[in-house]
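S.K.: Take a look and give me a structure for this.
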Amino acid sequence: MADNRELHICHLYYDILNLYGDNGNIRTMEKRLAWRGIGSKVTQLSFGEVDTSEEYDIIFIGGGQDFEQELLVKDLFQYKADWLKHEIEKGTVILGICGGYQMLGKYYEAADGTKVDFLGGIDVYTTASDKRMIGNFVYEYTKENGETFPIVGFENHNGQTWLGEGVKPMGKMIKGYGNNGEDGTEGARYKNVFATYSHGPLLPKNARIADELLSIAYKRKYGEELPELEHDMEDAALEDIKKQLGCL
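M.R.: Okay, here's the model as predicted:
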């Protein structure tokens, strides 16, 4: 674009929380911005790193295993907790997937009752389940204007996540387990936080939710709507996945 507009993306714990090719989410955002003539700047932050003077438009936290989450907790509280909570409350777009989703919440309670405290940036908590919730899944996302579209992905977790006050689910389950396998919900929405168990990675499989995140971030920064980009090929691929999963 003529005025060299760009979105600044922070990839948090990029070298640890990348269990299911989560870097693909960053690549998708970069590409869908580039196709619109909009630039992107990606800053990678890991242990001991935070720069509160930076202005990020999108913060991404990927997925990891349980022991990796435990390693990150000390760093989270020492270096990043106040900053992340501030970014959440001021409306920065944040995407958390699986382990990243759980870490944004209040705590994880193991089967023996032991609790690991997490950020507490959104009012959700996770408890250990005696079953593994794994497989391809589909859920329906609803935009603020009431428009709906499906999201497909892959879930693999034995934590059951429960939503608290002021937190909405990201969607309603069509096939799969979702947050806890019991209440028919998947993911969490609070302000501009988007949290989900959808691996795969999420954004390359789901162009519409990728553009939803980019649109919110772009409008917050520039006060204008993100330029349109067609989804025909991506929609056709998604419909084929739904058909294979028996959701049509």
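S.K.: C-alpha only now, for contacts and for neighbours.
M.R.: Will do.
S.K.: What count of nearby residues applies to the closest residue to Cys98 other than its chain neighbours?
M.R.: Distances taken as C-alpha to C-alpha, 6 or more residues apart in numbering put Tyr197 closest to Cys98, at 4.4 Å, once the chain neighbours are dropped. Using other C-alpha atoms under 10 Å, Tyr197 has 27 neighbouring residues.
S.K.: after the strand or helix carrying Asn158 comes which helix or strand?
M.R.: Here Asn158, judged by DSSP states H and E, is contained in strand 148-163. Next helix or strand after strand 148-163 toward the C-terminus (DSSP H and E): strand 171-175.
S.K.: if we can go back for a sec, would you indicate which residues of the strand holding Asn158 are buried?
M.R.: For strand 148-163, the neighbour count (16 or more other C-alpha atoms under 10 Å) marks 150-163 as buried.
S.K.: Output these as a markdown table; include the columns pLDDT and distance to Asn23.
M.R.: Below are the buried residues of strand 148-163 laid out as a markdown table (pLDDT from 0 to 100; distance: C-alpha to C-alpha, whole Å):
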| residue | pLDDT | distance to Asn23 |
| --- | --- | --- |
| Pro150 | 93 | 22 |
| Ile151 | 94 | 19 |
| Val152 | 93 | 18 |
| Gly153 | 92 | 15 |
| Phe154 | 93 | 16 |
| Glu155 | 93 | 17 |
| Asn156 | 92 | 18 |
| His157 | 92 | 20 |
| Asn158 | 90 | 23 |
| Gly159 | 92 | 23 |
| Gln160 | 96 | 25 |
| Thr161 | 97 | 24 |
| Trp162 | 98 | 27 |
| Leu163 | 98 | 27 |
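S.K.: Quick check: the gap between Trp35 and Glu228.
M.R.: Distance, Trp35 to Glu228, using C-alpha to C-alpha, to the nearest Å: 10 Å.
S.K.: what sits in contact with each of those two?
M.R.: Common neighbours of Trp35 and Glu228, using C-alpha atoms under 8 Å, 6 or more residues apart in numbering, do not exist here.
S.K.: which residues touch the lengthiest strand in the chain?
M.R.: Secondary structure of the chain per DSSP state E: the longest strand is strand 124-142. Contacts to strand 124-142, defined as C-alpha under 8 Å, 6+ apart, come from residues 102, 105-111, 148-164, 167, 170-178, 181, 186, 242, 245.
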